[in-house]
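Undergrad: No sequence on hand, only this structure:
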């Protein structure tokens, strides 16, 4: 009996030592496994893991059902310190434009192929497959060779791509990128092709892989989207059913136009003079640091995919992919470590002690200007929250990856809670609603609260919705 008591005492002491160990150290664990630290991604803020009370602090002003609160825990992640700006999104648009132009030049002649392409396999008899309709290449684009946008422009004249006087002023190989007889570039041709494996289909009970047989069950099938472009450059997307025999059958293909819908400034506000933004908001350098708008959820998702590939190809790092935040991550980040904060700055009011507004929103009916801005404003004009994140309230609302359902706390788990569903083209409209957070320049203060949530359809673009990216962290340490 005495030996038993001594053993219990030793076990209890061991537990106490473990609980009181210095932060960051492990007891009885090989420390070599914890040496890896992920490099700090440019322009992102590290959000440590933690728990918080998720949900609105006040009764919903929009929906009949109450916003039930729930204690939730989220893993550590990286988040963009500001919303994606016009200047940042232009890098995506320009990359898509240029890659299409390079493909057209490479396909136009063998001479151009030698100039603008590099075979992936270095061999004397290696041949270029210039058919890029499936979005895959057996060559690398030689980005160092400049596209001859101004091949026929007289020397000394400064003309930007898309502002040519007539079609004789640009290379014939890329002539179809421009509107006929105008010389104006056709932004509807800026189409990004990408694919992913639809694990939602694989998670169905009837599609569970049988390790005993080494195969999927007989009759297992998946529904995925396939996309193609017709001769008039119109994108078509169709949901097809496939027999499930290998992970490749889960592959979903998407083609998406990436240029923002600049007409949202007219469409969202009838009988309102917003032509200056419609014509200049995305293209003029004066708006470079303003948050990009007119971007659908599908375009934001495509941007994340491109950013992941662009980072991997240029850094050589095997990092987690960029993606849109789920609404639990977004709310946790917005609260800035203050578990019961009403607004990202921590207080219960939208003004500070000097009476200055703390975000860009609509303070009262017909009054947009008292906070310093009438519409959108350049990012980071107000103080960040305690995590160092700017504009988590106001300026523009933000897309999340979460599916919108009322009273989501009833359905989601308390660990990294979210309800994610990538809607297929054939799905009903209710499955295409995505959660948006943060409120915007045209919203009242209710939508600025950390816990407030509403939705928009994933194919809709608005003049008051933008986005920012997150990236899950490898482990939970960073440099």
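TA: Nice, I can see it. Nothing here was measured: the structure is a model prediction, and the numbers come from that model.
Undergrad: ranges for the helices of the stretch 351-479 of the chain?
TA: Using DSSP state H, counting those that start in this stretch, no helices are assigned anywhere in the stretch 351-479 of the chain.
Undergrad: can you list the weak-confidence ranges in it?
TA: Applying pLDDT under 70 to the stretch 351-479 of the chain flags residues 407-410, 476-479.
Undergrad: what about 90?
TA: 353-354, 364-367, 405-426, 474-479 (pLDDT under 90).
Undergrad: Just the helices from the stretch 151-300 of the chain, written as ranges.
TA: 199-202, 264-267, 275-280, 297-315.
Undergrad: how about those, which one is nearest residue 83?
TA: With respect to residue 83, and counting by C-beta to C-beta, the nearest of the helices of the stretch 151-300 of the chain is helix 297-315 at 10.7 Å. All C-beta spots, glycine's among them, are computed from the backbone N, C-alpha and C.
Undergrad: Return the set of buried residues in that closest one.
TA: 297-308, 311 (16 or more other C-beta atoms under 10 Å).
Undergrad: do the same with stretch 43-56
TA: Within stretch 43-56, the residues that count as buried by 16+ other C-beta under 10 Å are 44-47, 52, 54-56.
Undergrad: Between the two ends of that stretch, how far is it?
TA: For stretch 43-56, the first and last residues are 29 Å from each other (C-alpha to C-alpha, to the nearest Å).
Undergrad: quick one: that stretch to chain centroid distance?
TA: Relative to its chain's centre, stretch 43-56 lies at 18 Å (C-alpha atoms, centre = their mean, to the nearest Å).
Undergrad: Likewise for stretch 227-240?
TA: With C-alpha atoms, centre = their mean, you get 23 Å for stretch 227-240.
Undergrad: pLDDT averaged over that stretch - what is it?
TA: For stretch 227-240, mean pLDDT is 93.
Undergrad: roughly how far is stretch 372-381 from the heart of the chain?
TA: 21 Å.
Undergrad: Kindly report the same for stretch 109-123.
TA: Distance of stretch 109-123 from the chain centroid (C-alpha atoms, centre = their mean) equals 33 Å.
Undergrad: Which positions within the longest helix along the chain qualify as buried?
TA: Longest helix in the chain, counting residues (DSSP state H): helix 86-108. Neighbour-count burial for helix 86-108 flags 86, 88-90, 92-93, 95-108 (criterion: 16+ other C-beta under 10 Å).
Undergrad: Not including adjacent chain positions, what is the nearest residue to residue 455?
TA: Nearest non-adjacent residue to residue 455, counting by C-beta to C-beta, 6 or more residues apart in numbering: residue 404, 3.6 Å away.
Undergrad: My guess is that neighbour contacts residue 434. True?
TA: Yes - the criterion here is C-beta atoms under 8 Å, and residue 404 meets it with residue 434 at 6.2 Å.
Undergrad: more crowded one of those two?
TA: residue 434 (27 against 21; other C-beta atoms under 10 Å).
Undergrad: Quick check: the gap between that one and residue 369.
TA: Per C-beta to C-beta, to the nearest Å, residue 434 is found 30 Å from residue 369.
Undergrad: Would you mark the buried spots in stretch 198-213?
TA: Applying 16+ other C-beta under 10 Å to stretch 198-213 flags 198, 200-202, 207 as buried.
Undergrad: Start and end of it, how far apart?
TA: Start-to-end, stretch 198-213 (C-alpha to C-alpha) is 23 Å.
Undergrad: who's in contact with that stretch?
TA: Stretch 198-213 is contacted from outside by 215-217, 219-224, 244, 247, 250-252, 421-422, using C-beta atoms under 8 Å, 6 or more residues apart in numbering.
Undergrad: Buried ones only from those residues, please, as a PyMOL command.
TA: Buried members of the contacts of stretch 198-213, identified by 16+ other C-beta under 10 Å, are gathered into one PyMOL selection as follows:
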select buried, resi 216+220+222+223+224+244+250+252+422
